[in-house]
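**Q** whatever this is, show me its structure:
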Amino acid sequence: MSLFKYLFYIISGIAKIEFEYDAWPDLFHILISTADNPQKSYRISSLTTIGYIGQEVNERKITDDKKSELLNALLQNIYKENDEEVLEIALEAFKNFSFIITNIIQNKVKINFQISFIVHLFLKKLLILIIN
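**A** Residues are numbered from 1 along each chain as shown. As a prediction, the model looks like this:
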């Protein structure tokens, strides 16, 4: 495992603890903005960290507003990403936050996106991955 992956695990472990006390309230905002950076390495780092956080954090510790912000940012990132390596990492991060979708369906949490957009998005990206 590379040094960077250890760093991603460390950040996600800290984030898990910090969410319980709301001690790092701007973490998602920082990661989301960095995931939109023109440099590929920044996007990979941010999306990998977001994915690891999705594996670690208790969903009840994330507010509905943060869930909405995170989900919308991941979907937008997936939609506009053209690099296959970054796209795979973004899709993995999205998968690790799939509890947000479950929460929407079960609790009807208001999240600012349309299901048709998600279907369109994944069909488009699936075709890109199949073709490549």
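
**Q** which strands or helices does the helix of greatest length in the chain pack on?
**A** The longest helix of the chain (DSSP state H) is helix 3-21. Applying 3 or more C-beta pairs under 8 Å, 6 or more residues apart in numbering; DSSP states H and E, we find helix 3-21 packed against helix 40-56. Where you see a C-beta, it was placed from the backbone N, CA and C, and this is true even at glycine.

**Q** mind listing what's buried in the helix it packs on?
**A** 43-54, 56 (16 or more other C-beta atoms under 10 Å).

**Q** CA atoms of the longest helix of the chain as CSV?
**A** Output of helix 3-21 as CSV, limited to C-alpha atoms (Å, rounded to 0.1, in the frame of the first residue of the first chain):
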residue,chain,number,x,y,z
LEU,A,3,2.1,6.2,1.5
PHE,A,4,-0.8,8.2,0.1
LYS,A,5,-3.3,5.4,0.8
TYR,A,6,-2.2,5.3,4.4
LEU,A,7,-2.7,9.1,4.6
PHE,A,8,-6.2,8.7,3.2
TYR,A,9,-7.0,6.1,5.8
ILE,A,10,-5.6,8.3,8.6
ILE,A,11,-7.7,11.3,7.4
SER,A,12,-10.9,9.1,7.2
GLY,A,13,-10.2,7.7,10.7
ILE,A,14,-9.8,11.1,12.1
ALA,A,15,-12.9,12.3,10.3
LYS,A,16,-14.9,9.4,11.8
ILE,A,17,-14.1,10.7,15.3
GLU,A,18,-14.4,14.4,14.4
PHE,A,19,-17.9,13.9,12.9
GLU,A,20,-19.2,12.8,16.3
TYR,A,21,-18.2,16.1,17.8
